[in-house]
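Asker: Turn this into a structure:
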Amino acid sequence: MSEPRTRPDPAARGGRTDLSYPARLPGYLLGGGLVGAAEVVPGVSGGTLALVVGLYDRLITGADHVVRAVLALVRGRTTQAREELRQVHWSVLLPVGVGMVAAVVLGAAVIEPLLEEYPVGMRALFFGFIAASVLVPLRMAGGARGVRDWAVLVAAAIAAALLTGLPPSGVSDPFLPLVALAAAVAVCALVLPGVSGSFFLLSVGLYDRTISAVNDRDVAYLGVFALGAMLGLASFVRVVRWLLARHRHVTLLAMAGLMVGSLRALWPWQTEDRGLLGPADGAGGVLGVVAIAVGGAVVVLALTALDARLSRQADRAALDDPVR
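Answerer: Alright, predicted model coming up:
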């Protein structure tokens, strides 16, 4: 049975009615900026950030409609393509997209030097951020309620830990079809919380080359990368959206497990080959590093508490004035 072609309830998360659009616009730009910044940082998932700032459902729904529109155009079905594009909340996706692009460009120039100069502190910050973010899909799923739920959670965590423990490799002059294939896999980070697209690129040796392409405005490389990303979205976003529609509880638990497992990549004390070290063996003061991680967790907890409060206010407003 096909999905209904209706817009989500405007009182739903990411589309609250208690604030006017001009008042929400800075939030969309900032949310897109956070998601874009996450895409630059290895080990941090853009999908996780989208969940935290309440944009996840809107992003994957909008991406699905855009992909359907492109496929319809390829088949010559212009009417269907226009209908799909009408389903997209452009007033949300456009500012989010602007924020993402700006953050990627800025992050390529700023975040990378920070990671190179302060790797322990930056990993600690992101460790705290992601650790607290695990609560987001768990809350959306209603928690793990039985043996099957815990099995899904643990299996996903183990898979993510194994993946993020792969040693890095290097590719100086990549084959462009390989770039497109890597982009198709890496773009899953926008769809699947807990999976870091940048970390995958680092694992296959394309991270430095991609960052350089952004900084150098390498149109050929970026064009191939964008094409691969579009192909990845076309094949993967619809699968995840189907899973969320048909098996939302289990899918959200798997997302939480992936996020838990991805913490392995963000353990502050590591060797260059991603071997884990104890705090006493690593660089940086232990108390200072722990304080940074706790600070990152507090920021996320504050954001999620604020988001929950605004959601409750929007629900009450919708009940008080259902016509609005």
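Asker: C-alpha from now on. contacts and neighbour counts both.
Answerer: Will do.
Asker: any weak-confidence spans in the stretch 151-300 of the chain?
Answerer: Along the stretch 151-300 of the chain, segments meeting pLDDT under 70 span 167-173, 189-190, 192-196, 199, 202-205, 280-284.
Asker: Helices of this structure, start to end?
Answerer: For the chain, applying DSSP state H gives helices covering 21-40, 46-52, 56-74, 78-86, 90-117, 119-133, 135-141, 147-164, 176-186, 197-203, 207-216, 219-246, 248-262, 286-320.
Asker: Please identify the deepest-packed of the ones you listed.
Answerer: Among those, helix 46-52 has the highest mean neighbour count (mean count of other CA atoms under 10 Å), at a mean of 27.
Asker: so what does that one touch, helix or strand wise?
Answerer: Helices and strands touching helix 46-52, by 3 or more CA pairs under 8 Å, 6 or more residues apart in numbering; DSSP states H and E, are helix 21-40, helix 56-74, helix 119-133, helix 135-141, helix 286-320.
Asker: now the fourth one, how far from the centre of its chain.
Answerer: Centroid separation between helix 135-141 and its chain, computed with CA atoms, centre = their mean, to the nearest Å, is 15 Å.
Asker: about what we covered before: now the helices of the chain as TSV including distance to R274?
Answerer: Shown next, in TSV, are the helices of the chain (distance: least, CA to CA, whole Å):
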stretch	distance to R274
helix 21-40	18
helix 46-52	21
helix 56-74	30
helix 78-86	43
helix 90-117	15
helix 119-133	12
helix 135-141	26
helix 147-164	9
helix 176-186	20
helix 197-203	11
helix 207-216	15
helix 219-246	26
helix 248-262	13
helix 286-320	18
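Asker: circling back to that earlier point, tell me which of the helices and strands packed on helix 46-52 lies nearest to G107.
Answerer: Closest to G107 of these, according to CA to CA: helix 21-40, at 5.9 Å.
Asker: now that closest one: mean pLDDT?
Answerer: Across helix 21-40, pLDDT averages out at 79.
Asker: again with stretch 117-134
Answerer: Here stretch 117-134 scores 83 as its mean pLDDT.
Asker: Any idea how far that stretch is from the middle of the chain?
Answerer: Computed by CA atoms, centre = their mean, the chain-centroid distance of stretch 117-134 equals 15 Å.
Asker: Stretch 293-304 too?
Answerer: Distance, stretch centre to chain centre, for stretch 293-304: 17 Å (CA atoms, centre = their mean).
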